[in-house]
Every structure is written in C-alpha cells, then in structure tokens.
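**Q** I would like to see how this sequence folds:
(3 chains)
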Amino acid sequence: MKTEEMIDGIVAKLLADYEDDRAINKTDLAYQPNKEAILNILKKLFKIIYPGYYHDRSYKLYSVRNDLAATIEDVTYNLHKQVFTVFKYCNTYPYKDDRAIDSIAQEKVVSFLDTIPRIREYLDTDLQATLDGDPAAESKDEIILCYPGIYAITVYRIAHELVKLDIPMLPRIMTEHAHNLTGIDINPGATIGKYFFIDHGTGIVIGETTVIGEHVKIYQGVTLGALSTKGGQTLKSIKRHPTIGNNVTIYSGASILGGDTVIEDNVVVGGNAFITKSVEKDTQVIVKKPELKESKI
Amino acid sequence: MKTEEMIDGIVAKLLADYEDDRAINKTDLAYQPNKEAILNILKKLFKIIYPGYYHDRSYKLYSVRNDLAATIEDVTYNLHKQVFTVFKYCNTYPYKDDRAIDSIAQEKVVSFLDTIPRIREYLDTDLQATLDGDPAAESKDEIILCYPGIYAITVYRIAHELVKLDIPMLPRIMTEHAHNLTGIDINPGATIGKYFFIDHGTGIVIGETTVIGEHVKIYQGVTLGALSTKGGQTLKSIKRHPTIGNNVTIYSGASILGGDTVIEDNVVVGGNAFITKSVEKDTQVIVKKPELKESKI
Amino acid sequence: MKTEEMIDGIVAKLLADYEDDRAINKTDLAYQPNKEAILNILKKLFKIIYPGYYHDRSYKLYSVRNDLAATIEDVTYNLHKQVFTVFKYCNTYPYKDDRAIDSIAQEKVVSFLDTIPRIREYLDTDLQATLDGDPAAESKDEIILCYPGIYAITVYRIAHELVKLDIPMLPRIMTEHAHNLTGIDINPGATIGKYFFIDHGTGIVIGETTVIGEHVKIYQGVTLGALSTKGGQTLKSIKRHPTIGNNVTIYSGASILGGDTVIEDNVVVGGNAFITKSVEKDTQVIVKKPELKESKI
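**A** Okay, the predicted model is just below:
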C-alpha cells in the first residue's frame, strides 16, 4: 500500500471518530481561550510587578514611564480579549449580547489592573518572609530571580484577583502553569495572607477553599487538602479545605485535611504530621516518631 | 596569557579527555534520535487527539479534513524517520539491511497511527473520570487545557502504544518529558485501564510492570513501585511493581510496593499507607494514625 | 471613561507605587545578571560535557575540534560577562575598580573551564551507577537523553564548581532551573561524591551544607534537610544538613535532618524513615510500619 493511500485511510477513520460528539472533540472554536496568549499576559504582568527584574534587555530607566504605559496597554488589550472569550466560551452571561459582555469584560480588566499595587504590597511582604526564613538565601534579588516559591506565590496572587472578579478558566490556566514549573499547586480560589513563605516547594498542594493567615511558612510536600472527594461534583461549593491562622509553620510532608479543620495562631506542625482535627493556638504538634528498627546488615 | 592561548589549552585538554571512549563521549552520530523532533511529533499527536484544542491559530473548521491530512502526513514522515533511527541506534534488527529496517519502521508507524482511535476512546473516559472526581473542575475544556494529570495520561497512552510495538527509547523520551512538565512519572511500560484519574499529581511514580484496572483514582505523591531494586539490571524483565484492580482509590503519599502485591477490586487505600502485601476486595486500608504529641509552646 | 485615560490613571498609580524603594522595585539595572544568558551558557556546557549528545543538528564529527573551540570561546565570553556582572551586582569586591574585577572574573572563568574534565570524570561514574541501579534503564544513551536524575546531577556538578570559586547567584540560578525541570532541588553548595544515583527524583531536597560520599542512591521524595530553620539568616554559615557516608541507599520519602546527623558507610534507610540521629555503619534502618487498619466497605 502506498503512503498516500495509507494516510487517506487513517484520515477517514479519524474523521469518522471525530463525529462522536464527545468532549474530546471540540468544534466550537470561535470563542476558545488562547493558552499561549494567557501565558504571555502573565509574563507582562511580571514585568509590571517587578520593575527592573523581568524587563526586556532594551529596557532603559529614563523611559520607565513609556515602557510601563506600553506594557499596560498591551496587557489591557490582550487580557480584555481573553476575558471576553472565556465569558462567551463558558456562557457566563447567557442573557446578554456581545456588546454588553464586551463592556463587562473591559470593566473587569480595569478593576483587575487597579489591584496591582495591592498585589505588589503583598508580594513585598512575601519577599521579606522568604529572606528572613531561609538561611540559604543570599538576597531578595536572588529570591526574585530564581526561587520557585516566590514565583508560584506571585502567579497565585495575580490569579486570585481574577477569581475575585468571577473570571473563569484564566486563573486556573495561570496557576497550573506555575504548578508545571515549580511543582507547587496553589488553587487560585485559596485565600492567603501577607508574609507567606514557601521553602523548596515541590509537591505542595493548597486546595480551593483553604484560608491562610499572615506569617505562615510551608515546606515541600505539604498538603492542605480535602478529607475525601468521594462526593465529586456534589461538593462543588462546600468548604473542603482547612483554615490556617497567623504565625503557623508547617514542616515538610505534613497533611492537614478537611473544611472544618482549624489550625489556630502560633502553631508549629511537625514534618509528616497527618492532621484531620483542629489544633488550639500556641501548640506544637509533632508526630510521635514511628519506631525505627535497626539491624546489622 | 592571552585569551586565545588559554582557549587553545582548554580545547586540547578536552579533546584528550574525549578520547577515553567512555559512555559520556558518544561518537556514533549518524543514527541518533533527535529529542526535539520527537517532542515535535508529540505536539502534533496532541493536535490529532484533541481536535480543536491544541490547534494552530490558523485552524479553520471547514478545512478540518485538509488540516488533519497534513498533520498525519507530517507525523508519518517524522515518526518514520525517528523509528528507523532508533532501530539502527539500538541495533534492534542486527541481521537486517537498511531497506528491510526502513520497511519495518514504516509498518510500525502505520500500526501506531491505527491505534489513535483507541487512544482517544480511553482518554475520553479519563476526562469523564477527572470531571466526576474533582469538585474543583469547572468543565472538561478546562481539564484538557490545563490539568497536568490528563496531560501525563495522554502522553503515557501514546507512549504505551509505541512500547507495545517494541519501539525503543522514543516512549521513554516522551514520558520523561511529561514527567518534567507535571512531576508525574508513568513508565510507558505500565498497563492502565479506562477511567483513570490523577489529582494534583506531583510526585506520582508508576513503575514499568504496574498493572492498573478501570476506574482507579490516584492522588499526589503516590508510588506504585518495586520493593527493592538492589538487583539492578538482573531484575530487568521480572514483574517488580504491583497490580491494582478496578474501582480502587489511592490517597496522597501512599506507597504500594512489590510485583506480587495485588490490590483487589473496590479497595480504598488511605493517605501515607505503606503497603507491601496484597489487599482483598471491598476493603478500606487506613494507616493507624501515628500518635500526635501536642505541647504548648 | 476612555481606555487611554484609564491606562494613564493606572500608569500614574503604579509609578507612584514604584517610588516606595522596596526590594520589589529594582532600579540598579546596569549590573544585573541575565537569567536567559546564564541558561544559554548552561546549554553550551552540556554540549561540551556530553559531546555528541547535546550537539546541534549541523554538528559534524570531522570538525569536532573547531566546534569545541567555538563553543569554549562562546562560553568564555558570556560567562566572563555574567561573572563580572554578579561581582558588581553583589558588591563582592567593594574596594577594587572595574578593571581589577574584570581581571578576577576572567581568572575565575579559566579556573572553572579547567574543572570540566573532572566534572566529566564524576558524571561518567554517575552514569554507570544509574545504569547499574535501575532495572528499567535500557542504555547509558537513554539515561543521558532523558533521565531527570542525571540532568539534575549534571547541573549540580557544574554549579558546585562555580560555588567553589566563590561566584555568587549564578550557581543557584542554574540549580533552580534544574529544580523547575526535574523537581529535584540540589543546593549547589552541597558536596557529593562519585557514583551518585537518583531514581525518579521528584520532590528530592538536598540542603546547602549536606555532604554525601560515594556510591549513594537516593529515591524520590527524600529530604536531606535542616532540623529547624527558625533561626533564619542567623544560621547562615552553620552546618545544618546531614553527612552521608559511602554505599548508602535512601529509599523514597525518607527524611534525614540536622547538621550533626551522620549516616555512616553501608547503611540502608527504608522508605519514609524520619531520622534525626546518627546511624552506625553496616546498619539497616526501617520504619516499624505504622499499623494498618483494614475494614470491609
């Protein structure tokens, strides 16, 4: 059989397979969010948030105003386009026409841009907490340029503001990108206070309805999760994840599970602890270390 | 010393060092698999498997047939080239001449392309399982566009079909790429049934000889591994990893180890469980929680 | 309100916000390390270390000398530039003028390039250990092309030589890049002997003052960490991380913590063990498995 015939046969089979109308076959292409465009917006937001760090090589200080204006204009234009698209795609405003939706999208983008000074205020405290908390950190510059924790927190703080504006899909696309890069999975719906510090970070999971206070430190492999997700979609808007107070440190590998679980202020949770009940303030919770059996080889 | 002399000196030292004939110095360059080309094939396969999701911006619905034909032709040409190359590189058919190997490579590529409808059938069930299992999931679209679990499963299902056709190296290059992106390490040799759901995913390891049934859910940090790999290469084709039945849920951080370990149908394995023996059907296995010691700070 | 006015308003607010003089606002742009350039240098070093593997497609064997000379020249030029920049940026030599700093930078680069044969000698042993240790490995070629463990170890061995030359920031930018790609977080300050083998790797953390002997194997999720980092920056140059002897195997999820903790030669540490005290040589340490509670569903 010739290659062309073979290809024709496979194409025919696949076209038939596409007609099944399953979710895997998307045909409504007109209003589909563009992942690449969204990640590009994220990059531009890093430039705005950390002026001087994520700049282009051509960046000159005397033109900081022009450069900023151009970047803001770019983000406004592209974010507006993506927000409109996901509103249409997710059928968020079923009774409104395109003009009305477009106008709502524009308002949302302005509201979001207005939150950037607050995002920056929070991130400045996260930077401070990271420098204070990590003996291996040389400077805040080093932290901004290469710490995965601060990267994941920055993306979360951006995405969380979009969640608060009821914009679907975009926030999760952003945080899953950070998850890919850092192994830190913070759901954009979580609420996290100032001076948040993540060390190492790989394997951290922070669920959608988690609430975290100020001055909280979290190490690699920590899960702030649900007790059971057997209920699946029926659990959709229920608080399934824990509440963490202020000045709490959670060491590596610990799991704190359940929507009713409250870790009060000034608690230290030891490595590998598995906690499904609330812990009172000013408490240290350590796992009674599992007995070790030593034997000569 | 001038820079040129210094560079000459270092070049001379390195050239001498290259003559050691160690594995680190590869000289047989003619038939070397091209990682970039392989990852490019993977991207094209995502376009074919999820029509409408991983499309180019220029994609138009009315031309779906032409677009598909062009993509299939591209994959056929490039995959053929890489399969031929790895057959030569790994000396898979030592007694055959290049023409015969080329012809086998072509047959393998056609056989592989013929499995795409089955890959899509399986993935459609994985999507359904993900939506059903995750209260935070908004839609199947969101899952396809940004869930790391579905990304890793898709790459695994593609790579596994290549393993079944006895094509060396390419499958592992693909799954290690997914491992890099998602932190989910599924060996392409594993066998995994329909309706497979991975949540969060970072830190999951699924070994080469693992067998998994249908409707299985796995959370972050789960290892389906070998009891001990002290034997190294002598264990090469022995079943070293567990067998998991249908309707099994394995919560975060659990380890299930050993080639004789069988987890029967309808079992729930609790978080952090460490299991090295078989578990009967309809059983819930929970770790007796390690005692917590609380003390006031 | 028109879009232009709105953008003007946001720009004005952000410019005011930038004037706070917080760490998040970097204005000293003249001497800032260029992350992209650093990662590009890393790529070139892979070409030099693994000749024939990470080559460009145009690479021809007969021109290996010319190709190598060009790559070395490129690395020399660009690394010199980045080393000079970080010396200025970190104010490493406050009493010296630019010419003197430039000359030190050049010397450091030459000293670094001179270590490449040793880096290659060590990596050749790591490759051997990986092949010997992993029953799923098909060949050393496969390991070089796609094993995350060998990737992370290679970047660490490069970065560690830069640390030994007291070059700030660059080593950490390199190892955090490997951390992003592989989920393996090796601080470039750690000391690691020959024949080092990492399997799977996601979630591994190896702290700054860790010392590791020869023939050591480490699996996914292992932490070689500090007991507590409450002290933050005051702990800066204290040995906070453990010492591991020769022929030690540490299975998945184990934590070994503390600067005084010494794991002597020929020790096997079982999965999930949590160790904060030294272990004598020729010992196997297993966690007394936490009791499992089984119940019928």
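**Q** all contacts plus neighbour counts: C-alpha atoms, from now on.
**A** Fine.
**Q** Closest to the centroid, which residue in chain A?
**A** Geometric centre of chain A, nearest residue: A:T175, 3.0 Å, by C-alpha atoms, centre = their mean.
**Q** A:T85: what's its closest spatial neighbour, skipping adjacent residues?
**A** Using C-alpha to C-alpha, 6 or more residues apart in numbering or on different chains and skipping residues adjacent in sequence, the residue nearest A:T85 is A:Y31, 5.1 Å away.
**Q** So which residues on the stretch 1-150 of chain A come close to chain C?
**A** By the rule C-alpha under 8 Å from any C-alpha of the partner chain, the part of the stretch 1-150 of chain A lying against chain C is A:49-53, A:61, A:65, A:68-69, A:72-73, A:110, A:113-114, A:116-117, A:120, A:123-124, A:127, A:131-138, A:140-142, A:145-148.
**Q** tell me the SS of the closest residue to A:K239 other than its chain neighbours?
**A** If the residues on either side of it in the chain are set aside, A:K239 comes closest to A:G259, at 5.0 Å by C-alpha to C-alpha, 6+ apart. Put simply, A:G259 is coil when judged by DSSP: H, G, I helix; E, B strand; the rest coil.
**Q** Equivalent analysis for A:L15, please.
**A** Classified using three-state DSSP, A:L15 is helix.
**Q** contacting residues for it?
**A** Taking C-alpha atoms under 8 Å, 6 or more residues apart in numbering or on different chains as the criterion, A:L15 is in contact with B:R65.
**Q** Is there contact, residue-wise, from the host helix or strand of A:S295 to chain B?
**A** Taking DSSP states H and E as the criterion, A:S295 maps to strand A:292-296. No - using C-alpha under 8 Å from any C-alpha, strand A:292-296 stays clear of chain B, coming no nearer than 13.1 Å.
**Q** Identify the residues contacting that strand?
**A** With contacts defined as C-alpha under 8 Å, 6+ apart, strand A:292-296 is touched by C:A273, C:D282, C:T283, C:Q284, C:V285, C:I286, C:V287, C:K288.
**Q** and the angle from whichever strand or helix holds the fourth one to strand A:292-296?
**A** Element membership of C:Q284, judged by DSSP H and E, is strand C:283-287. Calculated by axes from the mean of the first three to the mean of the last three C-alpha atoms, to 10 degrees, strand C:283-287 forms an angle of 160 degrees with strand A:292-296.
**Q** how about the residues of the stretch 151-297 of chain A near chain C?
**A** Within the stretch 151-297 of chain A, the positions near chain C by C-alpha under 8 Å from any C-alpha are A:181-183, A:200, A:202-203, A:220-221, A:289-297.
**Q** can you do 7 Å?
**A** Listed as neighbours of chain C in the stretch 151-297 of chain A under the rule C-alpha under 7 Å from any C-alpha of the partner chain: A:181-183, A:202-203, A:290-297.
**Q** so how far is the strand holding C:Q284 off the chain centroid?
**A** 29 Å (C-alpha atoms, centre = their mean, to the nearest Å).
**Q** Likewise for stretch A:115-128?
**A** The chain centroid and the centroid of stretch A:115-128 are separated by 15 Å, computed with C-alpha atoms, centre = their mean.
**Q** one step back: would you mind pulling the contact partners of the strand holding C:Q284?
**A** A:290-297, C:266-270, C:273 (C-alpha atoms under 7 Å, 6 or more residues apart in numbering or on different chains).
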